[in-house]
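# okay, structure incoming, though there's no sequence with it:
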């Protein structure tokens, strides 16, 4: 949340230079308050786990947020009970007449397939097209980010020789951008993916800017020039044991998988993992919610266009 300070206080310029968000009295008095409406398009098979991770981060804010949960009607999830879907989730047909302050599209375990071969690709394209006029700010995660970059801008994805798996150091390329206000010069984020997008392809698109990347993991955060769409290739939302659970699952299935990097002490999976990313994750989601949803969305959602 911003701090409210007297009009023309000399500290304003200093605070702005330090990326501290402050509003003067005149703007503060003009603000109207209402709950934010967020749509979560949950493509993960373990929907309860993913929704819990994201709600934990987005709930770490004084802002009041109302969530709608959406699953794709063209693919029936195998790891979530029908009872849970009926109680808590809707389909695109149910919500397409509504407008939202924000939308999150999650990752999905389909990244090694061509986009067009994914069972719900056409439906997801309809959702992304609809969001142009019905959602003010969108956040795309991992495969969701790759899918959106491909759909909106034709950015391709590439297979990696081995899975990008672990917790990697990142830096902020453009420190003045509000999404990364308050971040340290170096911060850590988990990645778990078999594919990547590349700098040279993103730089060919004049509407896109790279906000953050990692020497080891590559591109992390991309935005459009209007800061209405954010593409996040990592999994800041992961819990402490998510990478461990993925690793243990693959080992149990006899799959070839490397120990996740920079996760276990001395890369020893018999030791408890070290969480390095929790504060960065909390700041990333709260910055998106505050600066790019709460501060920017029209009070009347019908004004979104």
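Done, it's in. Just so you know, these numbers come straight off a predicted model, no measurement behind them.
# contacting residues for residue 287?
Going by Cβ atoms under 8 Å, 6 or more residues apart in numbering, residue 287 touches 178, 179, 180, 181, 182. Every C-beta, even on glycine, is put in place using the N, C-alpha and C of the backbone.
# flag every buried residue along the helix or strand in which it is found.
Residue 287 belongs to helix 278-287 when elements are defined using DSSP states H and E. Using 16 or more other Cβ atoms under 10 Å as the test for burial, helix 278-287 gives 280, 281, 282, 283, 284, 285, 286, 287.
# of the contacts of residue 287, which is the nearest to residue 130?
residue 179 (23.7 Å; Cβ to Cβ).
# quick one, strands of the chain?
Using DSSP state E, the strands of the chain run over 3-5, 22-24, 36-41, 65-70, 89-90, 100-105, 135-141, 158-172, 187-196, 208-214, 218-224, 229-232.
# tell me the mean pLDDT for the first one?
When pLDDT is averaged over strand 3-5, the result is 45.
# go on, the shortest one?
Model confidence over strand 89-90, given as mean pLDDT, is 90.
# check which helices and strands it sits against.
Using 3 or more Cβ pairs under 8 Å, 6 or more residues apart in numbering; DSSP states H and E, the elements in contact with strand 89-90 are strand 65-70.
# of the contacts of residue 287, buried ones?
Taking 16+ other Cβ under 10 Å as the criterion, what is buried in those is 178, 179, 180, 181.
# what would these look like in TSV with distance to residue 212 and pLDDT?
Formatted as TSV, the buried ones among the contacts of residue 287 follow (distance: Cβ to Cβ, whole Å; pLDDT from 0 to 100):
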residue	distance to residue 212	pLDDT
178	13	92
179	8	96
180	6	96
181	12	92
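# which helix runs longest in this protein?
The longest helix of the chain (DSSP state H) is helix 121-134.
# which strands or helices does that one pack on?
Packed against helix 121-134 by the contact rule (3+ Cβ pairs under 8 Å, 6+ apart) you find helix 92-95, strand 100-105, helix 143-153.
# which among these is found nearest to residue 50?
strand 100-105 (9.9 Å).
# list the contacts of that closest one.
36-41, 43, 54, 68, 124, 127-128, 131, 134-141, 144, 147-148, 288-289, 292-294, 297, 301.
# of those residues, grab the buried ones for PyMOL.
Buried residues within the contacts of strand 100-105, by 16+ other Cβ under 10 Å, are selected in PyMOL with:
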select buried, resi 36+37+38+39+40+41+43+54+68+124+127+128+131+134+135+136+137+138+139+140+141+144+147+148+288+289+292+293+294+297+301
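# could you list the buried residues of stretch 111-124?
Buried, per 16+ other Cβ under 10 Å, within stretch 111-124: 111, 115, 118, 120, 121, 123, 124.
# so what's the second one up against?
With Cβ under 8 Å, 6+ apart as the criterion, the residues that contact residue 115 are 121, 147, 150, 151.
# closest one of those to residue 260?
Using Cβ to Cβ, residue 147 is the member of the contacts of residue 115 that sits closest to residue 260, with 23.9 Å.
# thought residue 141 was touching the closest one, still the case?
No. Using Cβ atoms under 8 Å, residue 147 is not in contact with residue 141, being 10.3 Å away.
# residue 177 is in contact with residue 225, correct?
No. In terms of Cβ under 8 Å, residue 225 does not count as a neighbour of residue 177; the distance is 11.4 Å.
# between those two, who's got more neighbours?
Neighbour tally, residue 225 and residue 177, criterion other Cβ atoms under 10 Å: the higher count belongs to residue 177, 21 against 11.
# look up the closest residue to that one, ignoring the ones flanking it.
The shortest distance from residue 177 to any non-neighbouring residue, by Cβ to Cβ, 6 or more residues apart in numbering, is to residue 211 (5.5 Å).
# try residue 205
Per Cβ to Cβ, 6+ apart, closest to residue 205 is residue 153, 4.8 Å.
# in this structure that neighbour contacts residue 197, no?
No. With contact defined as Cβ under 8 Å, residue 153 does not reach residue 197; the gap is 10.2 Å.
# tell me how many other residues surround residue 35.
By other Cβ under 10 Å, the residues close to residue 35 number 10.
# I figured it was touching residue 67, is that so?
No. In this structure, residue 35 is not within contact of residue 67 by Cβ under 8 Å, at 10.0 Å.
# for the buried residues of stretch 111-124, which one is nearest residue 238?
Residue 238 lies nearest to residue 111 out of the buried residues of stretch 111-124, by Cβ to Cβ, at 16.1 Å.
# so who does that closest one touch?
Residues near residue 111 by Cβ under 8 Å, 6+ apart: 142, 143, 146, 157, 193, 194, 195.
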